[in-house]
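using only what follows, build the 3D model:
(2 chains)
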Amino acid sequence: MSAHAEAIASARGPGFFRRLCRSRAAVLSMLYIGLIVLLAVFAPLVAGYDPMVGGDDSMLPPLSPGHWLGTDDLGRDVWAQTVYGARVSLMVGVVTAIFAVTIGVVVGGLAGYYGGWADTVLMRVSEFFQTLPRFVLALIVIALFGSGLWKVIFVIAILSWPQTARLVRASVSSLRQQPFVDAARVGGMGDRALLLREILPNVAAPIIVTGSLDVAAAILLEAGLGFFGLGDPNHISWGSMLNEAQQYLRIAWWMSLFPGLAIALTVLSFNVLGDALNDALNPRSRVRS
Amino acid sequence: MWFVARRLLHAVPLLFCVVVLNFVLIAATPGDPVTILVGDFPAPPGYVEQVKREFGLDQPIYVQLFRYLGHVLTGDLGYSFANRQPVSTLILGRLAATLELTLTALLLASILGIILGMLAARWRGSWLDSGVQGVASAGYSIPDFWLGQILILIFSIWLGWLPSQGNMSVRGAPEGFAGFLDHLRYLLLPALALSFRYLALIARITRAAMLEVLSADFILAARSRGATEISIMVGHALRNAAAPVITVIGYNLGFILAGSALIETVFGWPGIGRLLFDSISRRDYPVMMAILLMVSVTVVLANLATDILHRMIDPRVGDR
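Predicted structure coming up:
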C-alpha cells in the first residue's frame, strides 16, 4: 500500500505542516481551537464571574456594563458560562475521541490482522453499533443510569468507535499482505511486534483524521444531551445553556446566540481541521475531491 | 430475488439484537426493574403485581428475556400511567406528525441537496462551488436544534412571518385548502431546521458522484453529439450518479427520525420526539424504551430497503 507509506513519510516530513497551512480555513480553525483551549484552561482568570452564581441583574442584554454578553434569567453572566462551557465541550470531545479511537484501533487492528471468525464477529458487532440511532440511545442510557460527565463521555465513546474500527480493519487487512510485512515476518518478527511496529504506524494518518472528526461529533452529541436536560448538572455546558435559552427566546436572544455560536464554530473547526489533515496527509486525495 | 431473501435473513438477527439490547438496558439499570417497566408514575399495586407476573421477574433471566420478546412481538409495549394510555396507542397517535416532519425534511434536503450538488459540480472551482462547499461544512457543524432557535428568532420573533410552536393554529384552524396552507406555515421552519444537516450531506455526495461521472467518456460523447447542457447534466450524469445519492438518502432515513427528537422539542411539534422529551422528564420508562425500540427497528428496515433499492438501480452491486 504505497499510498499509506507515502502518507506516513509525508506526515513526518517538513512538507506536512506547510501543506496543512496552505489552506486558509485550516489555519483559522487551528487558531480558533487554540483560542478556545486557552479560554477553557484559564477560565477562572478570564470569566470574571462564577458561572453558577447569579447576581441581582437578570436578563441584561449584551454590552451592558460589566456583562458584555449579557446575563441570563438568574442573573448569571453569559460570557462566564460560555467560557466554562468550553471546558465541558472540549473535555467531552477530546476524551471521547481518545476512547473511541483506542477501542477502534484495538478492535479494527485485531480483526484486520487475524481475519477469520474473530474478524466476522468483531465486524458484526461494529455493524450492529452503527445501525443504532446514537442520539436516542445515548439519551435513554443517560436517562436510565443518571447523568454525570464521565457517564456522558463513556456512553458517547461506546457509540462512536465502530467507524474507526472499520477503517482500521480495512487498512490493516490490506497492509498485512504487503511485501514489507512479509519481509519483517521472514525476519522473525512476532505477530504483536508486526502489528504494533510495522502495520499500525502506517494506519496513523486515517486514524488522526477520524480522531479529529470524532471530537466534532462528540461535541455535537453532548450539546444535544445537554439541550435535553441530561448533561452533568454540576457543570455549565453549552447544551444546557441552550436548554435554558429555549424558554426565554422571546425576551433574551443572547442566551441562545452565544452558546450556539460557540458550539457551531468549535465543531466546524474540528471538522475543517479533519478535512485539512486528510488533504495534507494524502496528497493524492486532493485530485479526487 | 435471492438477494432480497438473503438481506431479509440478515436483518432478522439485527432486529433480534435490538430487542435484546432493550431488554439488557432494562435489566442492567440500577434499581427495581419494575420501575423501569411501569414508569415512575404512581401505578395501582395490582398492576405492578401483574407486570411482575407477566414478565416473570421472579424467574431466571432467560425466562424474563423470552417473556419480554413475546410481549414485543405481540405489539404489547406496556402501559403509560403518566398518559393513561397503552404505549403502542400513544406512539401510533404521534407517528403521523413525526412522519410528516421527517419526510418533508428529507424531501427538502434531497431536492435542494441534489440541485446544489449538481450546480457545484458543473461549475467546479467557481464561487458557486465554494459557496456550496461552505454550506455543506456549516450543515455538518451547526447543531440543528440551535438552528431551529435561530430560525424562530428571525422568522417568528423579529419578522413575525411564521409561527414558532405547534403544528396548527390553536384557535380556529381554517378548513380545507386554507387549513392546509395554515399547516404548511407551521411545518416550514422545523422542516428546514431538520433538513439542513442532510442537505449538506446530500449536496456533498451528489457533487462528488457527479464529478466522477462528468469525466467519463460517454459524457464527452454526448457533448460532441451536441446534446444540450441540461440533458447532459440531468439525463446522463445525474442518472449515473443516482446510486450513491439514493443510498445516502436511504441510510439517513432512520437517523433523521432520531434527530427529529430535538427539533420537535424546539418547535413544540406534537410528534414522537416531543413525546420522548416529555417521557424522559416524567421518567415514563415504558414510553422511552418503546421509542428506542421503534427508532432502532426503523433504522434496520430503512437500511434493508435501501440495500434492496440500490441493488435494483445498479445491478453491478455484488452480493456481500
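
which is the next helix or strand following the strand or helix carrying B:G46?
Counting by DSSP states H and E, the element that carries B:G46 is helix B:45-54. Moving toward the C-terminus from helix B:45-54, the next helix or strand (DSSP H and E) is helix B:61-73.

can you list the strands that the next helix or strand after that next one pairs with?
Downstream of helix B:61-73, the next assigned helix or strand under DSSP H and E is strand B:79-80. Strands adjacent to strand B:79-80 in the sheet, as given by DSSP bridges, are strand B:85-86 (antiparallel).

I'd like the next helix or strand past the strand it pairs with.
Assigned by DSSP H and E, the successor of strand B:85-86 is helix B:87-122.

packing partners for that next one?
strand B:79-80, helix B:127-141, helix B:176-214, helix B:239-267, helix B:272-281, helix B:285-313 (3 or more CB pairs under 8 Å, 6 or more residues apart in numbering or on different chains; DSSP states H and E). C-beta here means a position set from N, CA and C on the backbone, and glycine is covered the same way.

hang on, A:L149 packs against A:M91?
Yes - with contact defined as CB atoms under 8 Å, A:L149 reaches A:M91; the gap is 7.1 Å.

ok, back up a step: the helix holding B:G46 packs against which elements?
Short answer (3+ CB pairs under 8 Å, 6+ apart): helix B:45-54 packs on helix B:33-38.

buried ones in the helix it packs on?
B:33, B:35-38 (16 or more other CB atoms under 10 Å in any protein chain shown).

nearest to chain A among those residues?
B:I36 (7.0 Å; CB to the nearest CB).

which residues does the closest residue to A:T71 other than its chain neighbours contact?
Nearest residue to A:T71 in three dimensions, chain neighbours excluded: A:L60, at 4.4 Å (CB to CB, 6 or more residues apart in numbering or on different chains). Contact partners of A:L60, counting by CB atoms under 8 Å, 6 or more residues apart in numbering or on different chains, are A:67, A:70-71, A:75.

of those, which is the most crowded?
Using other CB atoms under 10 Å in any protein chain shown as the neighbour test, the contacts of A:L60 are led by A:T71, with 28 neighbours.

now the helix holding B:G46: buried residues?
B:V51.

what residues does chain A have near chain B?
Neighbours of chain B within chain A, by CB under 8 Å from any CB of the partner chain: A:128, A:131-137, A:139-141, A:143-145, A:216, A:220, A:223-224, A:227-230, A:242, A:245-246, A:249-250, A:253, A:256-257, A:260, A:263-265, A:267-268, A:271-272, A:289.

whichever of those end up buried, select them in ChimeraX.
To isolate the buried ones among these in ChimeraX, judged by 16+ other CB under 10 Å, type:
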select /A:128,131,132,133,134,135,136,137,139,140,141,143,144,145,216,220,223,224,227,228,229,230,242,245,246,249,253,256,257,260,263,264,265,267,268,271,272
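
what sits up against the helix or strand harbouring A:F180?
Assigned by DSSP H and E, A:F180 falls within helix A:179-186. Defining contact as CB under 8 Å, 6+ apart, one finds that helix A:179-186 is touched by A:175, A:194, A:198-199.

one more time with 10 Å
Helix A:179-186 has contacts (CB atoms under 10 Å, 6 or more residues apart in numbering or on different chains) with A:1, A:5, A:113, A:172, A:175-176, A:178, A:189-191, A:193-195, A:197-199, A:202.

now swap in stretch B:175-187 and tell me
Here stretch B:175-187 makes contact (CB under 10 Å, 6+ apart) with B:97, B:100-101, B:104-105, B:161-169, B:172-174, B:191, B:267-269.

shaky segments in the chain?
All of this is about chain A. A:1-14, A:283-289 (pLDDT under 70).

wrong one, chain B
Applying pLDDT under 70 to chain B flags residues B:1, B:31, B:33, B:40, B:56-57, B:169-174, B:315-320.

so the residue lying closest to A:M30 once chain neighbours are set aside, which of the three states?
The shortest distance from A:M30 to any non-neighbouring residue, by CB to CB, 6+ apart, is to A:L273 (6.5 Å). Recorded secondary structure, A:L273: helix (DSSP: H, G, I helix; E, B strand; the rest coil).

now for A:L273, how many residues are close by?
Neighbours around A:L273, by other CB under 10 Å: 25.

wait, it sits on A:G93?
No - A:L273 is beyond contact range of A:G93, at 12.0 Å (criterion: CB atoms under 10 Å).

which neighbours do those two share?
Joint contacts of A:L273 and A:G93 (CB under 10 Å, 6+ apart) are A:212, A:215-216.

leaving out chain neighbours, which residue sits closest to the residue positioned nearest the centre of chain B?
Most central in chain B under CA atoms, centre = their mean is B:L257, positioned 2.0 Å from the mean C-alpha point. If the residues on either side of it in the chain are set aside, B:L257 comes closest to B:T102, at 5.2 Å by CB to CB, 6+ apart.
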